[in-house]
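*Asks:* Have a look; sequence and predicted model below, questions after that.
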Amino acid sequence: MIIKDFRKILHGGDYNPDQWIHVPGTVDRDFELMDEAHCNTFSVAIFSWSQLEVEPDHFEFGWLDDVFERCAKSGKKLFLATPSASKPAWLAERWPDSRRADRAGHRDIQGSRQNSCFSSPGFRERVRIVDRKLAERYAKHPALGGWHISNEYHGECGCDLCRSRFHDFLRKRYGTLEKLNQAYWSAFWGHRFTDWRQVEPFDSSMDGAALDWWRFCTEVIVDFFRMEIDAVREFSDAPVTTNLMGLFPTLDYWKFAPLCDFISDDCYPTWYAGEAEREGASVSFRHDMHYSMRNKPFLVMESCPGIPNMMPYTKLRRPGEFEREMLLALGHGADGTMYFQWRKGRNNCEKFHGAVVGHDGSDRTMVFRRVASYGEKLERLSGLVDAVREPVAAVIYDWESNWALRESHFAGGNEIKKWDETIQNHYRALWNSNIDLAVIDSEQDFSRYKLLVLPMLFLFKPGVVERLRRFVEAGGTVVGTYFTGYVDECNNCQAGGNPGGEAGRDLFGVWSEDFDGLEPAARQSLVWNGKRYPVMDYAEILHPEGSAVEAVYGEDFYAGTPAVTFRKLGQGRAVYIGARTGMDFLNDFYGALIKKIGIDPVLPGVPDSVRAARRFAVDGGSYYFLYNLSKEAQTVKLPRKMCAVWEDGADVDSVTLSSDGATVLFAAGEARG
Ligand code: GAL
C-alpha cells in the first residue's frame, strides 16, 4: 500500500487552500466537494513556504493545522510537501546566493519557482530548518499519508560554487588529471588540462565533459533530495516520494528511484485528434517505466481533469478520454491518480489550467461530474491495491545513453536523432500486440524477461554487453538498432567497431561499417518477407559476421545488402535492425517476433483499436483493463466469463466499449505467471 493501512485507490490532487484563506467559506465548501467527488488524498503546502515561515524563524501553521484536522475527521490523507520548490522573497534577499545562476554566472531574479541553487549553503540550511519544523509538527498526525518532497526537481546552476563542486565530482570520478585527459580525448583542439579548475562544463565541443555535466546535475539534485529526506526522517517514517516528470531530459530518474518509497509522476497527455494510439503508447511507456523503477505500484501525482494550459491547444477531453487516461495508469500499475489541481486559482500563470473545481466553485461542470463519477467507481477497485504486473518483455531507456547521443555532434542534430520517439516507437509496436511490458535501464536484472529491446542504446555501460550475452545464451532475445553501443561511458567511440565494439559485434554477429544519413528527398527502403517498407533518416551499412540476413535494403548503391540481421546464440537470438523505419515495419516485425518467441497477449482476440492490460490481485484473480482508441464503439469477446467491476458487477462474456471508452474486468481464480 502506498499509504500505510489505507487500502484505497488514491484519488485527489494538489490542494492550495493558502491561496483562499482570505475568502471565507471556501475551505468549508472544498471539503464538501471533496466528498462529493469521492476524493481521499491531497498534496498540500507545495508552494507554501512563504505562508508558513512568514519571516525567518517565524512560523504560522494555523491554516495547515486546520486542513490536517479536517482531513483526519473526514478520513482523508495528506501528502505533506517540503516547500523547497519555491523560496520566500525574504530568503532570496538575505541569502542572494540562493538564486540560481545561468551558464554565464548571472543570478536569476527572485520569483517564479524551482530556480534555487542546490549548492547554496544558506538555501540548504533554510530548507533543512523548514523541513524539520514540518516533520516535527505533523509526523504523528493521523492524516499524514506521506511526504511529497519538493516539486519537480530540475535545473542546472552555473555559479562558482556549483562549478567547483563539478570539479570535485570529476576528481572523484577520474582520480588523476591524466585519466581525465585520456577519458576526454583532450588533445583534440589542444585542450589538455593541467588543473581540475580548467575543465569548462559548458564547452560544447567536449562531448565527454558535456556528458559528465548532466551526470553531475543529477548527483547534485539527488544529494539535495537525500538531505530533505533525512530532515523529515528525523521525525517521521511515513513514505517519501518526489514527483517526476516522465522523460524529463536532463535528470537521470533511475538515480532517484532507490530513494523513493514509491514513485510518483506528473503526466499530461494531450489526446489531439488522430493521436490516441501514439499518445496511449506514450503514456503507457512512462507508466511501465514507473512501475519498473521499484517493481511495485506507483502514483500519478498530477494529471489534468480539464484542459492543461501549457499545451499548444487547450483541448477539452472528449467523453471517455478522461476516464481512459486514468484507467491507462491503473492498468499499467498505478495505485492512484491525482490532479493538478483541486481548485483553480484566480490569477497568475496557471489561472486557466484545468482543475477539478473552477473559478465559480460549481459542482455542475462537466469536469467535476466526470471526476466525481470516476471517483465513485474507484471505490469498487480497492482489491486492485498492490496488484502486481508480470512483464515478459522490456524496452531499455537510459538517460546516460540519450545524453551521450545528444552531446555527440553528428547525424543531423537532435531533431533528427529523435531518441525518445524512436525508443517509444519500438515500445509502441510491442504495446500494439497487447503484451505485458516493462521499461528498464541497462543496469536492471534482465533475467526475468524473454525479450529485451535496446533502441538506439548509444552508450554501453561497463558490463552491459556481457550481461546481454548471458541473457541471450540462456534463451533470451535481444533486439538492437542502428546507433546501438557506439560509445563507452566516456562518450569515446568503440575502437573495436560497431555495434558495441568487438564484444557487441560478436553478440549481434554483425559489423556496422558506416551509416548513411538520409535527407528528406532521399529514397531508401527495406525489403522483408517480400514486402517493401520505407526507411528514413538513417541506414547502416552492415556486414554479417555469423548472423543470417532477415531483410535487405531496397534502393541506391547498397540495394540488396543486409538491413536486418538475426543471430542464433546459445539458446537465444540477437537481432540487429540497421535502419530507421516507420511503424508499418515495426508493427509487422515485432508482431512476428513475439509469436516466434512464444509471448502471448494478455487477452487474445481483441479488436485492432483496443488495447489490454492486466494486473494480478494480491488476494488472487486478475484485473483486466480494456481501452478503446477509436471513435467507434468496440465489442470485445472475452475468453471466459469475467466480472464487470467497473460497470454493474455482472458476469459477462463480452463487453462493448463506447467511443474512447475504457473498462475494468475482474477474473476470479486466475493464478499468476
Ligand atoms: C506541474 C507542476 C504543478 C503545476 C502543473 C500545471 O508541472 O508540478 O505545480 O504547475 O504542472 O500543469
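*Replies:* Right, received. Where do you want to start? All values derive from a computational prediction rather than experimental measurement.

*Asks:* longest single helix anywhere in the protein?
*Replies:* Under DSSP state H, the helix in the chain containing the largest number of residues is helix 207-233.

*Asks:* Wait, a helix at Tyr624?
*Replies:* No: counting by DSSP: H, G, I helix; E, B strand; the rest coil, Tyr624 is not found in a helix; it is strand.

*Asks:* can you give me the helices in the stretch 251-400 of the chain?
*Replies:* Ranges of helices in the stretch 251-400 of the chain, per DSSP state H, counting those that start in this stretch, are 276-294, 321-331, 366-378, 399-406.

*Asks:* which residues sit against the second one?
*Replies:* Right, the one you point to is helix 321-331. Contacts of helix 321-331 with the rest of the structure, by C-beta atoms under 8 Å, 6 or more residues apart in numbering, involve 9, 267, 269, 271, 280, 283-284, 287, 300, 303, 305, 317, 337, 370-371, 374, 381, 384, 613-615, 623, 625, 627-628, 646, 660-664. All C-beta atoms are positioned from the backbone trio N, CA, C, and that covers glycine.

*Asks:* picking that back up, who wins for proximity to His38 among the helices of the stretch 251-400 of the chain?
*Replies:* With respect to His38, and counting by C-beta to C-beta, the nearest of those is helix 366-378 at 2.9 Å.

*Asks:* Neighbours of the nearest residue in space to Glu350 that is not next to it in sequence, how many?
*Replies:* Using C-beta to C-beta, 6 or more residues apart in numbering and skipping the chain neighbours, the partner closest in space to Glu350 is Asn309 (6.3 Å). For Asn309, the count of nearby residues is 14 (other C-beta atoms under 10 Å).

*Asks:* thought Asn309 was touching Phe352?
*Replies:* Yes: at 4.6 Å, Asn309 and Phe352 qualify as touching, with contact defined as C-beta atoms under 8 Å.

*Asks:* picking up where we left off before, out of the contacts of helix 321-331, which sit inside strands?
*Replies:* Those of the contacts of helix 321-331 mapping onto strands are 300, 337, 613-615, 623, 625, 627-628, 662-664, per DSSP state E.

*Asks:* Switch the residues you listed over to TSV; also include pLDDT, distance to Pro17 and neighbour count.
*Replies:* Shown next, in TSV, are the ones in strands among the contacts of helix 321-331 (pLDDT from 0 to 100; distance: C-beta to C-beta, whole Å; neighbours: other C-beta atoms under 10 Å):
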residue	pLDDT	distance to Pro17	neighbour count
Val300	98	22	27
Thr337	98	21	26
Ala613	98	36	28
Arg614	98	39	22
Arg615	98	34	26
Tyr623	98	35	24
Phe625	98	34	24
Tyr627	98	35	26
Asn628	98	38	26
Ala662	98	32	26
Thr663	98	35	23
Val664	98	33	25
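
*Asks:* which among the residues you listed gets closest to the ligand?
*Replies:* Nearest to the ligand out of those is Val300 (C-beta to the nearest ligand atom; 12.1 Å).

*Asks:* Which one of the residues in the stretch 101-250 of the chain is closest to the ligand?
*Replies:* Counting by C-beta to the nearest ligand atom, the stretch 101-250 of the chain gets nearest the ligand through Glu152, at 4.6 Å.

*Asks:* What does the pLDDT read for Gly673?
*Replies:* pLDDT, Gly673: 60.

*Asks:* How about Met310?
*Replies:* 86.

*Asks:* That one reaches His353, doesn't it?
*Replies:* Yes: using C-beta under 8 Å, Met310 is in contact with His353, at 7.4 Å.

*Asks:* more crowded one of the two?
*Replies:* Taking other C-beta under 10 Å, Met310 and His353 do not tie; His353 has more neighbours (19 against 11).

*Asks:* From the ligand, how far off is the closest residue to that one other than its chain neighbours?
*Replies:* Spatial nearest neighbour of His353, excluding adjacent residues (C-beta to C-beta, 6+ apart): Asn309 at 4.1 Å. Counting by C-beta to the nearest ligand atom, to the nearest Å, the gap between Asn309 and the ligand amounts to 7 Å.

*Asks:* Let me see the contact set for Asn309.
*Replies:* So Asn309 contacts 350, 352-354 (C-beta under 8 Å, 6+ apart).

*Asks:* circling back to that earlier point, if it's not too much trouble, I'd like the helices of the stretch 251-400 of the chain exported to TSV so that mean neighbour count and distance to the ligand sit alongside each entry.
*Replies:* Shown next, in TSV, are the helices of the stretch 251-400 of the chain (neighbours: other C-beta atoms under 10 Å; distance: least, C-beta to the nearest ligand atom, whole Å):
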stretch	mean neighbour count	distance to the ligand
helix 276-294	22	14
helix 321-331	24	14
helix 366-378	19	14
helix 399-406	24	19
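
*Asks:* Take the ones you listed and write them to a markdown table, including mean pLDDT.
*Replies:* Formatted as a markdown table, the helices of the stretch 251-400 of the chain follow (pLDDT from 0 to 100):
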| stretch | mean pLDDT |
| --- | --- |
| helix 276-294 | 98 |
| helix 321-331 | 98 |
| helix 366-378 | 98 |
| helix 399-406 | 97 |
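
*Asks:* Now tabulate those in a markdown table and tack on distance to Glu540.
*Replies:* Output for the helices of the stretch 251-400 of the chain, formatted as a markdown table (distance: least, C-beta to C-beta, whole Å):
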| stretch | distance to Glu540 |
| --- | --- |
| helix 276-294 | 25 |
| helix 321-331 | 35 |
| helix 366-378 | 47 |
| helix 399-406 | 15 |
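
*Asks:* Which helix or which strand is home to Val54?
*Replies:* Here Val54 sits within strand 53-55, counting by DSSP states H and E.

*Asks:* List the pairing partners of that strand within its sheet, with orientation.
*Replies:* Counting by DSSP bridges, the strands paired with strand 53-55 are strand 58-59 (antiparallel).

*Asks:* what pLDDT, on average, does the helix or strand that the strand it pairs with is followed by get?
*Replies:* Later in the chain than strand 58-59, the nearest helix or strand by DSSP H and E is helix 62-74. Mean per-residue pLDDT for helix 62-74: 98.

*Asks:* Go through the helices and strands of this protein and name the one with the lowest mean pLDDT.
*Replies:* helix 414-417 (a mean of 91; mean pLDDT, DSSP states H and E).

*Asks:* name the helices or strands packed onto that one?
*Replies:* helix 399-406 (3 or more C-beta pairs under 8 Å, 6 or more residues apart in numbering; DSSP states H and E).

*Asks:* Up against the ligand, what does the chain have?
*Replies:* 151-152, 266, 302, 308, 310, 340, 350, 353 (C-beta under 6 Å from any ligand atom).

*Asks:* And those residues, which two are furthest apart?
*Replies:* Asn151 and Pro308 (16.3 Å).

*Asks:* and these two? which has more neighbours close in?
*Replies:* Of the pair Asn151 and Pro308, Asn151 is the one with more neighbours under other C-beta under 10 Å, namely 23 against 19.

*Asks:* Correct me if wrong: the more buried one contacts Ile46.
*Replies:* Yes: the pair Asn151 / Ile46 is scored as a contact, 5.0 Å apart, by C-beta under 8 Å.

*Asks:* okay, and the common contacts of those two?
*Replies:* By C-beta under 8 Å, 6+ apart, the residues touching both Asn151 and Ile46 are 81, 85-86.

*Asks:* got a winner among these for most neighbours?
*Replies:* Among the shared contacts of Asn151 and Ile46, Ala81 has the most neighbours (other C-beta under 10 Å), with 25 neighbours.

*Asks:* How about it: which residues does it bridge to?
*Replies:* His148.

*Asks:* residues contacting the residue most central in space within the chain?
*Replies:* When C-alpha atoms, centre = their mean is applied to the chain, the residue found nearest the centroid is Gly246 (2.9 Å). Going by C-beta under 8 Å, 6+ apart, Gly246 touches 265-267, 286.

*Asks:* 7 Å instead?
*Replies:* When contacts are counted by C-beta atoms under 7 Å, 6 or more residues apart in numbering, Gly246 is found next to 265, 267, 286.

*Asks:* any idea how far the last one lies from Cys267?
*Replies:* Spelled out, that is Arg286. Separation of Arg286 from Cys267 (C-beta to C-beta, to the nearest Å) stands at 7 Å.

*Asks:* All good on my end, thank you.
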